[in-house]
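J.: Take this sequence and fold it.
(one chain, ligands or ions: 1)
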Amino acid sequence: MERLEAAGPNAEQITYWNEQGGPKWVEFQEQLDHHLAPFGRVVMDRLAVSAGEHVLDVGCGCGETTLELARRVGPTGSVLGVDISSVMLARARERARDVRNIQFRIVDAQTHAFAAASFDAIFSRFGVMFFESPTAAFANLHRALKPGGRLGFHCWKSFPENPFMAVPFFAALQHVPPPPAPPPHAPGPFALADPDRVRGILVAAGFAEIDFESRTDPMDVGATLDEATDYAIQMGPASIALRDAGAETVAKVRASIREALREHRTPGGVRLGTSSWIVTARRL
Ligand SMILES: C[S@@+](CC[C@H](N)C(=O)[O-])C[C@H]1O[C@@H](n2cnc3c(N)ncnc32)[C@H](O)[C@@H]1O
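T.: Next up, the predicted model:
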């Protein structure tokens with residue numbers, strides 16, 4: 001399998017997305033795509049991705065959004081999916097093996113020399129919060145857009161505003177100590193939570209017509225209580241708190257998370273709240 005060397009400004013993230021995060025995202029790919037699909041599609045709608053366009057999918061992961069973008073641009077358009085995780089890209093390539101208008105490349109979107117002014121639109125579903133230097137990364141993406149080209153991405157608001165992560169995390173903390181808090185704005189799911197900071201980053205990177213759409217959407221985290229509990233134990237902040245826990249502690253945490261999720265059951269499955277931004281901008 002082609003592998004990106006863990007070097008350069010995002011070396012830590014390259015290691016993380018190949019050794020820890022990536023394998024879990026591959027394992028839970030179907031479930032993740034089920035609950036994240038609406039988040040990607042609404043950004044594609046805002047970007048008005050249309051037939052014949054050339055689109056970049058940043059941090060495309062296991063390729064669900066790349067496939068949907070390819071469907072929208074049709075046979076006269078094309079999509080390039082880029083990611084630093086070879087395990088996730090391997091899954092993406094397998095899923096898209098019969099699709100002719102998709103290419104994948106294992107590169108760091110912050111530093112890769114994309115062909116200048118080559119994309120009509122740049123899209124990302126939760127794949128742009130992990131850059132060591134967001135300003136350098138967005139400036140690099142800005143260069144890759146054609147004049148008039150559009151940027152659109154989905155990113156999370158802060159941790160406490162996202163019960164889908166906070167509910168299992170606080171249930172886990174009944175039995176394990178909290179992991180050390182990351183420094184403010186550190187690369188990670190909440191790095192772009194502050195719209196004033198993100199606006200400053202995008203202006204410095206050269207973007208105009210910057211817009212933030214505030215979203216609060218429900219997320220279905222599992223069809224059953226057991227499925228939702230398994231997911232919470234393996235993914236997200238609760239799993240980080242459990243990194244060094246023994247089997248007995250994991251069992252206690254599982255019971256507490258299951259109990260905490262119980263009150264979020266709906267006829268359609270276990271449903272928790274999310275809050276996020278859809279950010280759109282343009283290269284003039
Ligand atoms: C939260 S996952 C989202 C994956 C995918 N967009 C989805 O919604 O299923 C973040 C993705 O960003 C990728 N990523 C992180 N830093 C990156 C970088 N500097 N360049 C390209 N991809 C990156 C990770 O490998 C991972 O696939």
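
J.: leaving aside the residues next to it on the chain, what's closest to residue 276?
T.: Distances taken as Cβ to Cβ, 6 or more residues apart in numbering place residue 215 nearest to residue 276, at 4.8 Å, with adjacent residues excluded. Yep, even glycine has a C-beta here, placed from its N, CA and C like the rest.

J.: The one you found contacts residue 277, doesn't it?
T.: Yes - assessed by Cβ atoms under 8 Å, residue 215 is found in contact with residue 277 at 6.9 Å.

J.: Comparing the two, which residue is more hemmed in?
T.: residue 277 (20 against 15; other Cβ atoms under 10 Å).

J.: Could you tell me whether that one really is in a helix?
T.: No - with DSSP: H, G, I helix; E, B strand; the rest coil as the criterion, residue 277 is assigned strand and is not in a helix.

J.: ok, now how distant is it from the ligand?
T.: From residue 277 across to the ligand, the span is 15 Å (Cβ to the nearest ligand atom, to the nearest Å).

J.: Quick one: residues contacting that residue.
T.: Residues in contact with residue 277 (Cβ atoms under 8 Å, 6 or more residues apart in numbering) are 154-157, 192-193, 195, 198, 212-215.

J.: in what helix or strand does residue 272 lie?
T.: strand 269-282 (DSSP states H and E).

J.: Export that strand to CSV, keeping only CA atoms.
T.: Extracted in CSV, the C-alpha atoms of strand 269-282 (Å, rounded to 0.1, in the frame of the first residue of the first chain):
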residue,chain,number,x,y,z
GLY,A,269,-32.3,4.9,16.5
VAL,A,270,-30.1,6.7,18.9
ARG,A,271,-30.1,10.4,18.0
LEU,A,272,-27.8,13.1,19.5
GLY,A,273,-27.3,16.8,18.8
THR,A,274,-24.5,18.3,16.8
SER,A,275,-23.5,21.9,16.1
SER,A,276,-21.3,22.9,13.2
TRP,A,277,-20.5,25.6,10.6
ILE,A,278,-20.8,25.4,6.9
VAL,A,279,-18.1,27.8,5.7
THR,A,280,-18.2,29.1,2.1
ALA,A,281,-15.8,31.5,0.4
ARG,A,282,-14.6,32.4,-3.1
